[in-house]
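Asker: Pasting the sequence and the predicted model now:
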Amino acid sequence: NMPKKQFVRIGCSSAFWGDSPYAAHQLVMKGGHLDYIISDYLAEVTMCILARFKEKSAAKGGAGEGGYVKEFVDSVWKPLMKPLMEKNIKLITNAGGMNPLALKIAIEESARAAGVPVPRVTAVIGDDLMDRVGDLATAKEFEPFSVLNEKEQSIDPENRPPLSVNAYLGAFPIAKALDEGAQIVVTGRCVDSALALGPLIHEFGWNVNDYDQLSGGSLAGHIIECGCQATGGNFTDWEISSQSGWDNMGFPIVECWPDGHFIVTKPIETGGIVTEASVTEQMLYEIGDPRSYILPDVTCDWSHVIISQVTPSNSLNTAKSAPRVMVKGARGRPGPDSYKIAVTWVDGFRMGGILVIAGIDAPKKARAVGEAILKRCQNIFKLKKLSDFRETIIETLGAEQLYGPHSKTLETREVVLRIAVHHDSMQALGIFGKELAPSATSMAPAITGSMDGRPHPTPLIRYNSALLKKSRVPITLISENSEFRVFEAPKPAPKNDVDIDTRHAQLAPARKSVEISGKFQKVPLLKIAYGRSGDKGDVANIGIAARDPSFYPFILKTVTPEVV
């Protein structure tokens with residue numbers, strides 16, 4: 001297929017549910033010509049929160065009413081619908097959450113109420129498997145999956161009733177909706193990068209076996225889907241980023257070409273930076289092995305990517321030209337035949353209490369207070385014939401709790417004591433909540449406050465993953481007049497995949513044996529490397545990039561999983 005445009009500009013207005021509600025306004029008013037704005041709201045646990053809202057959808061009002069993210073309607077669509085339609089900027093969002101159809105209706109109704117033409121809104125349905133989870137589990141169709149290659153808990157609807165069960169869909173249903181004329185596409189759970197890849201498939205006519213282009217488009221989506229993390233947010237060299245003005249952070253924009261390469265930039269006269277380093281850090285975010293990042297539509301190899309500065313990143317947000325970084329060289333190979341499935345369920349309840357403790361030996365006093373509060377609760381549990389806590393955590397924040405035995409601040413005179421507990425009984429957690437404040441008069445001196453007052457129990461949400469064959473996940477597109485259409489995955493175009501398969505058959509090992517000689521000096525890792533951490537559910541990973549090629553052998557040799 002011939003590309004519809006020479007290049008496509010896509011901005012991202014949301015990295016998560018809770019990001020700045022003014023980002024879309026910045027992109028529309030300062031982002032120059034944009035073809036699309038994508039808005040990403042979903043994380044692993046977000047789905048179960050929206051599932052609970054969906055159950056209570058009769059009680060209208062508040063974020064997430066009816067199982068979708070209401071902020072998209074209130075902060076993106078309602079205040080901006082007129083300039084969005086005047087500028088012909090299309091919207092792609094996963095704010096549909098657990099109820100994309102309800103979001104579609106809310107968008108249409110708000111347009112009618114404002115007296116503007118109702119846009120063509122298409123909802124992508126099919127990721128929600130709650131109604132089928134019992135039958136699928138009984139038939140043993142779920143395959144255990146873990147990002148750490150460890151044994152994952154099986155899906156057990158009978159003993160662990162799920163709150164949400166969702167498949168991570170790909171980009172082709174979004175592309176199909178756009179092919180059919182959609183101006184706004186709302187989805188439930190899909191991989192974050194699909195929000196950008198879908199428009200690129202539509203605009204450039206990419207096929208299911210255009211692996212390199214799909215990988216490049218996925219990388220473009222991956223760079224911008226976490227918003228300002230691509231423009232200097234969460235950046236190792238934070239002082240450089242802060243000088244540009246965090247109070248006016250620019251949200252990211254990508255300019256994408258048909259061959260899969262793209263430019264990363266941001267609106268002019270906004271804060272933040274776009275540099276080789278900031279883009280490199282975001283490329284490493286959450287991906288694990290950069291040679292094999294598995295997405296529904298393609299398995300990505302980003303180990304050959306070249307990132308180069310085209311226009312410098314000015315340290316002042318008054319610059320009249322936006323910084324630009326080119327990204328090229330993404331490679332791809334066939335994607336999997338299964339979708340990743342995310343499952344959440346309630347596993348008892350949790351509660352956290354906070355006390356501020358000051359004075360000499362503050363860390364030692366805090367730990368003693370925390371241990372005494374827990375012991376006191378356990379004594380009461382025995383009187384009430386309640387079971388013990390399932391889990392407890394005592395943290396002395398301000399005493400470098402995260403550094404363990406490497407802490408350098410054990411003599412600090414002010415800490416925040418945080419106690420977190422897990423129990424199956426809300427009654428037991430109620431006892432814990434009532435035993436925090438009495439410590440001020442019955443335990444250590446200089447307990448100065450409990451900050452937010454008496455805490456309340458909340459459900460403890462667990463998460464695990466599985467795989468399910470794509471053929472077992474039917475997808476439906478719903479557009480005007482509530483017309484239902486079953487999505488049929490496109491067939492591969494005739495082409496020779498042998499070269500692609502051969503090219504990826506000789507992947508270099510991830511870590512080579514390196515001989516290092518000469519004089520050495522001990523330095524903090526951040527002096528020789530950039531880093532970005534991320535998570536998949538309850539599993540965190542850390543991506544490291546050398547600041548200079550000469551540092552790479554040292555990093556390979558010394559920064560091992562065992563050392564970390």
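Answerer: Alright, I've got the coordinates.
Asker: what's the following helix or strand after the biggest helix by length in the chain?
Answerer: Scanning the chain for the longest helix, with DSSP state H as the assignment, gives helix 362-383. For helix 362-383, the following helix or strand on the C-terminal side (DSSP states H and E) is strand 391-397.
Asker: which residues sit against that next one?
Answerer: With contact meaning Cβ atoms under 8 Å, 6 or more residues apart in numbering, strand 391-397 is reached by 362-363, 366-367, 370-371, 374, 401, 415-422. In this view, the C-beta of every residue, glycine as well, is placed from N, C-alpha and C.
Asker: rerun at 6 Å
Answerer: With Cβ atoms under 6 Å, 6 or more residues apart in numbering as the test, strand 391-397 has contacts from 363, 366, 370, 374, 401, 415-416, 418-422.
Asker: next one: the longest helix of the chain to chain centre, how far?
Answerer: In terms of Cα atoms, centre = their mean, to the nearest Å, the centre of helix 362-383 is set 36 Å apart from its chain centre.
Asker: same check, this time on stretch 279-299
Answerer: 13 Å.
Asker: got a list of what P296 touches?
Answerer: 170, 335.
Asker: and with 7 Å instead?
Answerer: 168-170, 191, 335, 339 (Cβ atoms under 7 Å, 6 or more residues apart in numbering).
Asker: ok, and the closest non-adjacent residue to L91?
Answerer: Take L91 and drop its neighbours on the chain: the residue closest to it by Cβ to Cβ, 6 or more residues apart in numbering is I184, 4.5 Å away.
Asker: Give the lowest-confidence helix or strand of the protein, using mean pLDDT as the measure.
Answerer: The weakest-scoring helix or strand in the chain, judged by mean pLDDT, DSSP states H and E, is helix 498-505 (a mean of 47).
Asker: re earlier: of the contacts of strand 391-397, buried ones?
Answerer: Listed as buried from the contacts of strand 391-397 are 363, 366, 370, 374, 401, 415-416, 418-422; burial here means 16 or more other Cβ atoms under 10 Å.
Asker: how near is G404 to K522?
Answerer: Taking Cβ to Cβ, to the nearest Å as the measure, G404 falls 19 Å from K522.
Asker: Quick one: the helices in the stretch 1-150 of the chain, in order.
Answerer: For the stretch 1-150 of the chain, the helices defined by DSSP state H, counting those that start in this stretch cover 23-30, 46-55, 70-71, 78-86, 100-114, 133-138.
Asker: How far off centre is the third one?
Answerer: Taking the mean C-alpha point of helix 70-71 and that of its whole chain, the gap between them comes to 18 Å (Cα atoms, centre = their mean).
Asker: With the last one instead?
Answerer: On the basis of Cα atoms, centre = their mean, helix 133-138 sits 28 Å off its chain's mean C-alpha point.
Asker: Low-confidence ranges, the stretch 51-200 of the chain, go.
Answerer: For the stretch 51-200 of the chain, the stretches with pLDDT under 70 are 57-65, 147-153.
Asker: before we move on, what about the chain?
Answerer: 1-2, 57-65, 147-153, 314-319, 451, 481-483, 492-516, 537-538.
Asker: if you set the cut-off to 50 instead, what comes out?
Answerer: Applying pLDDT under 50 to the chain flags the ranges 58, 61-63, 497-498, 500-509.
Asker: Report back the residue of it that's furthest from centre.
Answerer: Residue farthest from the centre of the chain, counting by Cα atoms, centre = their mean, is L383 at 44.4 Å.
Asker: now that one: how far from L103?
Answerer: 50 Å.
Asker: on contacts alone, who are the packing partners of the longest strand belonging to the chain?
Answerer: When the chain is parsed with DSSP state E, its longest strand is strand 338-358. Under the contact criterion of 3 or more Cβ pairs under 7 Å, 6 or more residues apart in numbering; DSSP states H and E, strand 338-358 touches helix 46-55, strand 162-167, helix 362-383, strand 414-423, helix 426-434, strand 447-449, strand 458-469.
Asker: quick one, which of the ones you listed is nearest to V325?
Answerer: helix 46-55 (29.7 Å; Cβ to Cβ).
Asker: Tell me the buried residues in that closest one?
Answerer: Buried-residue list, helix 46-55, by 16+ other Cβ under 10 Å: 46-54.
Asker: Run through who's touching that helix.
Answerer: 17, 64-68, 97-99, 163-164, 166, 189, 342, 344, 461.
Asker: For those, name the two members farthest from one another.
Answerer: E65 and A342 (22.2 Å).
Asker: The two: who's more crowded?
Answerer: A342 (26 against 22; other Cβ atoms under 10 Å).
Asker: Would you mind naming the residues that bridge with the closest residue to the more buried one other than its chain neighbours?
Answerer: Leaving aside its sequence neighbours, A342 sits nearest to N166 (Cβ to Cβ, 6+ apart; 5.2 Å). Beta-bridge pairing for N166 (DSSP bridges): D128, A342.
Asker: can you tell me how far N166 sits from D535?
Answerer: 17 Å.
Asker: need the helices for the stretch 201-350 of the chain, in chain order.
Answerer: 211-224, 238-242, 276-283.
Asker: Share the number of residues neighbouring the residue nearest to P267 when sequence neighbours are not counted, please.
Answerer: Take P267 and drop its neighbours on the chain: the residue closest to it by Cβ to Cβ, 6+ apart is K30, 3.8 Å away. By other Cβ under 10 Å, the residues close to K30 number 17.
Asker: Looking at the contacts of helix 46-55, which is nearest K4?
Answerer: Using Cβ to Cβ, R189 is the member of those that sits closest to K4, with 27.9 Å.
Asker: neighbours around that closest one, how many?
Answerer: 30.
Asker: can you tell me how far the closest residue to it other than its chain neighbours sits from Y293?
Answerer: Nearest residue to R189 in three dimensions, chain neighbours excluded: N166, at 3.9 Å (Cβ to Cβ, 6+ apart). Applying Cβ to Cβ, the value for N166 to Y293 is 20 Å.
Asker: out of the two, which sits in the more crowded spot?
Answerer: Shown here are N166 and Y293; by other Cβ under 10 Å, N166 has more neighbours (27 against 22).
Asker: all strands for the stretch 151-300 of the chain, in order.
Answerer: Taking DSSP state E, counting those that start in this stretch as the criterion, the stretch 151-300 of the chain contains strands spanning 162-167, 184-187, 253-256, 262-265, 293-294, 299-301.
Asker: List the buried residues in the last one.
Answerer: By that I understand strand 299-301. Buried residues in strand 299-301 (16+ other Cβ under 10 Å): 299-301.
Asker: can you redo the residues you listed as a markdown table with distance to R485?
Answerer: Output for those, formatted as a markdown table (distance: Cβ to Cβ, whole Å):
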| residue | distance to R485 |
| --- | --- |
| T299 | 29 |
| C300 | 29 |
| D301 | 34 |
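Asker: that older thread, which stretch among the helices of the stretch 201-350 of the chain comes nearest F204?
Answerer: helix 211-224 (7.0 Å).
Asker: which other residues reach the closest one?
Answerer: By Cβ under 7 Å, 6+ apart, helix 211-224 touches 10, 12, 192-197, 200, 206, 230, 252, 254, 256, 259-262, 264, 279, 282-283, 295, 297-298, 300-302, 327, 330-334, 500.
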